[in-house]
Every structure is written in C-alpha cells, then in structure tokens.
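>>> Quick one, structure for this:
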Amino acid sequence: MHRPLRLTIDSSALVHNWRWLADRAGVPAGAAIKADAYGLGARETMRALHGAGCRDFFVSVWPEAEELGAVPGDASLVVLHGVGPDDVEAALASTARPVLNSVEQVSRWKQAAPGRVCDVMIDTGMNRLGLRPDEIAALNGLSIDTLHSHLACADEDHDLNAAQLQRFREVAAQVPAKRYSLANSAGTCIGPDYSFDLVRPGLALYGGIPRQEAEGQIQQVAHIEAQIVQRRTIRAGESCGYGATFVADADTEAAILNIGYADGYLRGFSSKGTAFAGEFALPVLGRVSMDLIAVRCDATPDIREGEWVEIDYDLPTASEASGLSQYELLTTLGSRFERRWP
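Prediction:
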C-alpha cells in the first residue's frame, strides 16, 4: 500500500559514522540499537554495521532482544537494563547478556544462572543505573565479560567527566573483567583516555553531533520526504492552521504536506521548520498539526499535488529550529513512514 511519507536511511553514512567513531576511539566500537535503533530500524542497522565489522550491539530491554531475532554467531547482544524480577525467564531463554545494575540483580543472576557470563554497570556519577563503587564486593564469583560505566556530561566540558574517568579506573583496577567500557558517542569524541577496550556510540551513528569534535565528520543518516496533499493560495489577510498563528500579508502560495506531530514532526517546528523542493527552501507556515503542515512555496510555482518534498532533518539544524534534542528528533519518528534502506 502506498505511504505518503518516506524515511530513507543512508546505510553508507551509517557505516561511515561507525568507522569514524572507532578510529577516533582507537578501540572497537559497538552500536546502541535500542529504541529500534533510535527509530530507524534495529534489525537493518545491525545487519549493516555487522557487515562493516561491528560485533557488539546494545538494547535496553528483553523484548527488544526478542524482536531482533537471531544475532550473528560472531556478534554479541547486550541488554542494558539487566535482569529485573520479571525478566529471569526471558534472560535464561536468550543468548543476549544482561548488564547487571544493582546488588539485587547480581544476587538474582547468581541464583538463576550460576557461572553464566554477564556484564556489569558501575555508577561513577550518573546516579541512574549501576552499582556504587563501595558495592563491588557483591561481584565476587561473577564471570564478567564487560564492566561498564556511563558518562553524565560528556556532551560538554564538565568537571564530572574527569571525575568519572578516575572513579572508573579505580574500580576497573579492582574488578576482573574481559573488557572495560565507559564512552558513549560524546565520550568517544572527548579523547582516547575514555576509550578503554570498547566504546558504545548511539546518537552519532545516526547522524547526531554530540560534541564539536564530530562536526564535519559525522554524516546525516535519516532523510525524510513528505508528499503534497494539496496546493492552495492563502489570500492576503487570511490565516492558516490552528490558532491562526500565521496571517498572510499578501497572497501566499502554500503546499499542504502529509506529515505532522503524529509522525514525530512535532509542534516545535511550527513556523520554524523548513522543507526543500530541490534547492528551494519552503518555510513552515503556522502550527504543525497531527497529520499536516503547510509550507510556503511561492518560489516553486510548478510543484503540485502528489509531488515529494524533503523535510530539513539534519539533526543539529532541526534541533536548533525546534528546541528538541537530537535524540528526540530520531526516536519520535512514527510508524507511518515507509522506511527505505537503498
């Protein structure tokens, strides 16, 4: 069935970004493919990155691991939220490894799967998931593949970055593991001191710019196109859209596009977003509604119903325009898109 929205994922840009991050880190780079690879498609992302050499993949919860299905035999899948009281059966049935995040999860895993390999998260200052450094005695007897921690402020130059690095070094010196991992996308950009044995990029894989070091290096991955439902003239003095927030000061040509906040093109783009017809910019007029937006198309008198325009979805640019984070821009993309991997 025809869909009037297209989300094209540039797999060559995805692979380029992964390789740049690995080169920047100087160690292997995994891939966070949680939240359906930030909304772009976890299974296809895993396939593309595995073909490029990625061997470590991360999801948040066990249903995400199950939905992925079989993982290539030379790759590993890791579930970041660990084993809660209702997760034991799923964890035991899966080939994925849990990241144990608390003394309770450690105890649960020791009882349910004695000797089975796991990962562990250490809280070095994020105060979200992970055992505190003074709780590491609970890890005795575990077979740990990767000991992790997670940076809270890596997207800025913050004193906590160095503090977390030092705390993680101290814990790593006391906890035997096959590998150690601290850096996300932003941490990878800071420098090799944060790399340890494995980095875990997410946002930057998908075209996000986590720090200035990535500017000019990370390529756009997600490209959005919407089909024109109708072309119309908004006459001088008339308004357009809910709330009448746009009023034409002269006769204005507008195209009504098949996209809205139900598709993840959120209201922050109201009168701030842009679409493109070739080289011509088409500013959003008035409010974004659930299924539709209006764009000014005076510069393109020939575009008609049924034609396609590209939404400006370069993540840093769209983030600045909308006030949304780069993460939100990706993960809110809805199910009505035809997702294409050319």
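>>> Report the residue ranges of every domain in this structure.
11-207, 222-340 (automatic domain parsing).
>>> out of these, nearest to Leu5?
With C-beta to C-beta as the criterion, Leu5 lies closest to domain 222-340 of the domains of the chain, at 4.6 Å. Yep, even glycine has a C-beta here, placed from its N, CA and C like the rest.
>>> Okay, and the beta partners of the nearest residue to Pro176 once chain neighbours are set aside?
Spatial nearest neighbour of Pro176, excluding adjacent residues (C-beta to C-beta, 6 or more residues apart in numbering): Ile144 at 6.9 Å. Residues in a beta bridge with Ile144, per DSSP bridges, are Cys118.
>>> how near is Ile144 to Met121?
11 Å (C-beta to C-beta, to the nearest Å).
>>> The two: which is more packed in?
Met121 (25 against 19; other C-beta atoms under 10 Å).
>>> Let me know whether my guess that the more buried one is in a helix holds.
No. According to DSSP: H, G, I helix; E, B strand; the rest coil, Met121 belongs to no helix; its state is strand.
>>> quick one, what contacts Thr188?
Leu21, Arg24, Ala25, Ala29, Tyr194, Ser195, Val199, Pro201, Ala204 (C-beta atoms under 8 Å, 6 or more residues apart in numbering).
>>> May I ask which of these has the most neighbours?
Pro201 (30 neighbours).
>>> which ones are touching that one?
Asn17, Trp18, Leu21, Ala29, Gly30, Ala31, Ala32, Asn184, Ser185, Thr188.
>>> one more time with 6 Å
Leu21, Ala29, Ser185, Thr188 (C-beta atoms under 6 Å, 6 or more residues apart in numbering).
>>> Assign the closest residue to Val103 other than its chain neighbours to helix, strand or coil.
Excluding the flanking residues, the one nearest Val103 by C-beta to C-beta, 6+ apart is Ala138, at 4.8 Å. For Ala138, the reduced secondary structure class is helix; criterion used: three-state DSSP.
>>> Hmm, Ala138 is touching Ser107, no?
No. Here Ala138 lies out of contact with Ser107, judged by C-beta atoms under 6 Å, at a distance of 7.4 Å.
>>> what's near enough to touch the residue nearest the centre of the chain?
The C-alpha lying nearest the average C-alpha coordinate of the chain belongs to Tyr38 (C-alpha atoms, centre = their mean; 3.5 Å). Under the criterion of C-beta under 6 Å, 6+ apart, the neighbours of Tyr38 are Tyr206, Leu330, Thr331.
>>> packing partners for the stretch of helix or strand the second one belongs to?
Same thing as Leu330. Taking DSSP states H and E as the criterion, Leu330 maps to helix 326-331. Applying 3 or more C-beta pairs under 6 Å, 6 or more residues apart in numbering; DSSP states H and E, one finds that helix 326-331 makes contact with helix 34-38, helix 315-322.
>>> Check which element follows it along the chain.
Immediately after helix 326-331, counting by DSSP H and E, sits strand 338-340.
>>> which ones are touching Ala250?
Ala236.
>>> hmm, who's touching the lengthiest strand in the chain?
The residue-count maximum for a strand in the chain (DSSP state E) belongs to strand 222-234. Residues outside strand 222-234 that contact it (C-beta under 6 Å, 6+ apart): 4-8, 240, 248, 251-259, 304-305, 307-308, 310-311, 313.
>>> ranges for the helices of the stretch 101-250 of the chain?
103-112, 159-172, 185-190 (DSSP state H, counting those that start in this stretch).
>>> Mean neighbour count, those helices: which tops it?
Among those, helix 185-190 has the highest mean neighbour count (mean count of other C-beta atoms under 10 Å), at a mean of 26.
>>> if I look at Val99, how far off is Gln164?
17 Å.
>>> Actually, Thr8.
For Thr8, the distance to Gln164 - C-beta to C-beta - is 37 Å.
>>> Touching, the residue nearest to Pro176 and Val120? I think so.
Yes. Taking contacts as C-beta under 6 Å, Ile144 lies within contact range of Val120: 5.4 Å.
>>> The closest residue in space to Ser60 that isn't next to it in sequence: neighbouring residues, count only.
Computed as C-beta to C-beta, 6+ apart, the closest residue to Ser60 that is not its neighbour in sequence is Lys34, at 4.2 Å. The burial count assigned to Lys34 is 19, neighbours taken as other C-beta under 10 Å.
>>> Can you check the pLDDT for Lys34?
Looking at Lys34, its pLDDT stands at 98.
>>> Many thanks, have a good one.
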